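# Provided below for reference: sequence and predicted model.
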Amino acid sequence: MKLIFKSFIGFFRDDGPLLAGAIAYFFLMSLVPFCLSLITLFGYFLGENKAFYEFFSARLIRFFPAATSDISRELAAVVTYQQIGFVTLIVYILFSYQFYLALDGAVHLIFREKKKKSFLSSLVRAFFIFTLIALFIIVSFVATSFLHMLKPAVASLTGLEIGIVTSFLIRFVIPVLFIFLMATTLYALLPVKRPALRDALWGGLFTAIFLEGARHLFTIYVVTTAPQFGAVYGSLSSFVIVLLWMYYSACIFLIGAEIVNLLRTSRGRTP
């Protein structure tokens with residue numbers, strides 16, 4: 001608890017709210033082009049597989065709180081198989097790179113690193129990190145598909161129904177594991193002077209657990225304050241709620257980075 005308390009202090013000391021705002025904005029702008037590119041890549045191998053795109057849309061919605069259902073369903077409807085054009089690809093590259101720079105700059109500030117990477121190095125690292133994120137999504141898809149196939153196999157062999165277990169794994173364990181792997185990767189690769197893997201793992205564990213908890217608390221918060229949102233923002237309320245969720249998610253990620261930095265410095269690995 002003392003470590004988490006210190007990380008919150010460091011978050012505000014390092015202008016974390018401003019950094020989280022930049023991360024949330026560029027994540028929002030790069031999310032749809034990234035999903036379109038990923039869907040197009042799958043479509044190249046699978047064709048217009050309706051079952052896959054429905055599954056992908058369901059998994060995409062799962063990472064948003066229930067309070068953002070209006071926007072997340074619209075997002076899932078947009079993310080369908082289509083041949084992306086040159087302009088879409090440029091938009092994806094532009095906003096993804098800006099999103100990477102926002103993440104990279106925030107982590108450098110938290111880790112007290114002044115050394116800047118060259119443009120080419122940043123571009124390669126951005127491509128590598130986003131490729132890893134895509135691979136994590138693929139692994140999540142494979143794991144969930146395996147659980148779906150395992151359910152009837154176990155039922156036919158043993159006569160046992162594992163619907164509750166399968167549902168729990170798909171709804172909670174796999175998404176949390178995905179966030180844990182993604183956050184740990186970012187904490188391990190973004191700093192110029194890499195932290196120890198165990199420090200990055202602790203930061204990833206914090207981010208995964210708190211983000212999953214925040215997803216449920218955020219829904220309760222929005223439900224209780226929905227009239228106030230509607231009175232202030234009107235028809236824009238759904239968009240504001242999604243933006244708030246991304247902002248809070250970015251805050252949790254940066255607090256996790258503060259934890260990794262505190263663990264690193266406590267072991268004498270100062271920049």
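Thanks, I have the structure now.

# how many neighbours does the closest residue to Pro191 other than its chain neighbours have?
Nearest residue to Pro191 in three dimensions, chain neighbours excluded: Phe111, at 4.8 Å (CB to CB, 6 or more residues apart in numbering). (C-beta placed from N, C-alpha, C; glycine too.) Phe111: 22 surrounding residues under other CB atoms under 10 Å.

# for Phe111, what are its contacts?
Pro191, Val192, Lys193, Ala257, Asn261, Arg264, Pro271 (CB atoms under 8 Å, 6 or more residues apart in numbering).

# so which of these is surrounded by the most neighbours?
Highest count within the contacts of Phe111 by other CB under 10 Å belongs to Ala257, 32 neighbours.

# quick one: pLDDT of it?
In this model, Ala257 is scored at 95, pLDDT.

# what helix or strand is it on?
For Ala257, the host element (DSSP states H and E) is helix 237-266.

# just Trp202 next, same as before
Per DSSP H and E, Trp202 falls inside helix 197-233.

# next, the angle helix 237-266 makes with that helix.
150 degrees (axes from the mean of the first three to the mean of the last three CA atoms, to 10 degrees).

# in helix 197-233, what's buried?
With burial defined by 16 or more other CB atoms under 10 Å, the residues of helix 197-233 counted as buried are 199-208, 210-212, 214-215, 218-219, 221-222, 229.

# the helix or strand Phe178 falls within vs helix 197-233, what angle?
Using DSSP H and E, Phe178 sits in helix 174-189. Interaxial angle of helix 174-189 relative to helix 197-233 (the same axes, to 10 degrees): 120 degrees.

# render the CA-only coordinates of helix 174-189 in CSV, please.
Taking Å, rounded to 0.1, in the frame of the first residue of the first chain, the C-alpha atoms of helix 174-189 are listed here in CSV:
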residue,chain,number,x,y,z
ILE,A,174,-8.4,-13.8,-20.6
PRO,A,175,-9.1,-10.0,-20.8
VAL,A,176,-7.1,-9.5,-17.6
LEU,A,177,-4.3,-11.7,-18.9
PHE,A,178,-4.3,-9.7,-22.1
ILE,A,179,-4.0,-6.4,-20.4
PHE,A,180,-1.3,-7.8,-18.0
LEU,A,181,0.9,-9.0,-21.0
MET,A,182,0.4,-5.7,-22.9
ALA,A,183,1.1,-3.4,-20.0
THR,A,184,4.2,-5.5,-18.9
THR,A,185,5.5,-5.3,-22.5
LEU,A,186,5.1,-1.6,-22.6
TYR,A,187,6.8,-1.1,-19.2
ALA,A,188,9.7,-3.4,-20.2
LEU,A,189,10.3,-1.9,-23.7
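
# ok, now which ones touch the residue lying closest to Val260 once chain neighbours are set aside?
Closest residue in space to Val260, ignoring its immediate chain neighbours: Gly203 at 3.7 Å, by CB to CB, 6+ apart. Residues near Gly203 by CB under 8 Å, 6+ apart: Ala183, Thr184, Tyr187, Gly256, Ala257, Ile259, Val260, Leu263.

# let's have the residues you listed in TSV, adding distance to Asp104.
Below are those laid out as TSV (distance: CB to CB, whole Å):
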residue	distance to Asp104
Ala183	15
Thr184	16
Tyr187	12
Gly256	15
Ala257	11
Ile259	18
Val260	15
Leu263	20
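
# out of those residues, who's nearest Ser238?
Using CB to CB, Ala183 comes nearest to Ser238 of the contacts of Gly203, at 26.6 Å.

# check contacts around that closest one.
Gly203, Gly204, Thr207, Ala208, Phe253, Gly256.

# JSON lines for those residues, including distance to Ala20?
Output for the contacts of Ala183, formatted as JSON lines (distance: CB to CB, whole Å):
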{"residue": "Gly203", "distance to Ala20": "16"}
{"residue": "Gly204", "distance to Ala20": "18"}
{"residue": "Thr207", "distance to Ala20": "13"}
{"residue": "Ala208", "distance to Ala20": "17"}
{"residue": "Phe253", "distance to Ala20": "8"}
{"residue": "Gly256", "distance to Ala20": "12"}
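
# re earlier: what's the helix holding Ala257 packed up against?
Judged by 3 or more CB pairs under 8 Å, 6 or more residues apart in numbering; DSSP states H and E, the packing partners of helix 237-266 are helix 2-13, helix 16-46, helix 69-78, helix 86-110, helix 174-189, helix 197-233.
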